[in-house]
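Colleague: Please find the sequence and the predicted model below.
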Amino acid sequence: MTKPAPGNYVIVSRVLSCDGQKLALTFCKKGGAVTLTPLTHRQEQIWTISDYSDGQTQYIIPKKDDDLQIAIGGKVAVTLPAGEYVWTIRRGKDGVCIATGDKMLNLGIERGVVDEKICVTKDKGGPGFRWCLEKVRSSGSY
C-alpha cells in the first residue's frame, strides 16, 4: 500500500448516491462536521494532503481554510484549528483507506447519502470505508 504524494485532492467516496452521483468529502465550517455532497469540484471539496514529520502520517487540510485540519469530534470527522491531527492514508487494491495515525479508527460512511456526516470508527471494510483521490492540478483542473 502506498502513501499519496503531498498535494491538493478531491476525496471521493467509493459509494455512489442513490441517484448514481459521485459523493465527495466537503468542508462546511470551522468546528463543523465534514460531510458528503455531490461531486462538483468546488473549493469546499478540495483538500490539501501534506506530510507530517514522521514520514508515515499526513495532515488533511481544507483548501478553503488552511488553518484547519480534519480531526475527530466524537464519532465524526470535523475541521479544527491545526493541532497535529494526523492520518495514515494508503492506497490499496480496493481504494484509499484513511485511518487515524495509530490506525485504530477509519474515516467512513454508513449510508452514502447527501449531507451524511463522515464517521470515525473501526474499519468495517467495503466501499463505505474506501476512497478515491482525484489530484487537483495547479490550474484547478482534474
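Modeller: Nice, I can see it. Numbers count the residues shown, from 1 in each chain.
Colleague: buried stuff in stretch 120-131?
Modeller: For stretch 120-131, a neighbour-count test (16 or more other Cβ atoms under 10 Å) marks 120, 123, 128, 129, 130, 131 as buried. Quick note: C-beta positions are derived from backbone N, CA and C, even for glycine.
Colleague: ok, the nearest residue to the fourth one once chain neighbours are set aside - contacts?
Modeller: When you say that, I think you mean residue 129. Leaving aside its sequence neighbours, residue 129 sits nearest to residue 108 (Cβ to Cβ, 6 or more residues apart in numbering; 3.9 Å). Contacts for residue 108 were tallied using Cβ atoms under 8 Å, 6 or more residues apart in numbering; they are 118, 119, 120, 121, 123, 124, 128, 129.
Colleague: Let me see the contact set for the last one.
Modeller: Residues counted as contacts of residue 129 (Cβ under 8 Å, 6+ apart) are 97, 106, 107, 108, 109, 123.
Colleague: Next, it: phi, psi?
Modeller: Backbone torsions for residue 129, taken as degrees, to the nearest 10, come to phi -120, psi 20.
Colleague: Out of the contacts of residue 129, list just those in strands.
Modeller: 97, 106, 107, 108 (DSSP state E).
Colleague: Return the distance of the spatially closest residue to residue 100 that is not a sequence neighbour relative to residue 137.
Modeller: Closest residue in space to residue 100, ignoring its immediate chain neighbours: residue 87 at 6.5 Å, by Cβ to Cβ, 6+ apart. For residue 87, the distance to residue 137 (Cβ to Cβ, to the nearest Å) stands at 23 Å.
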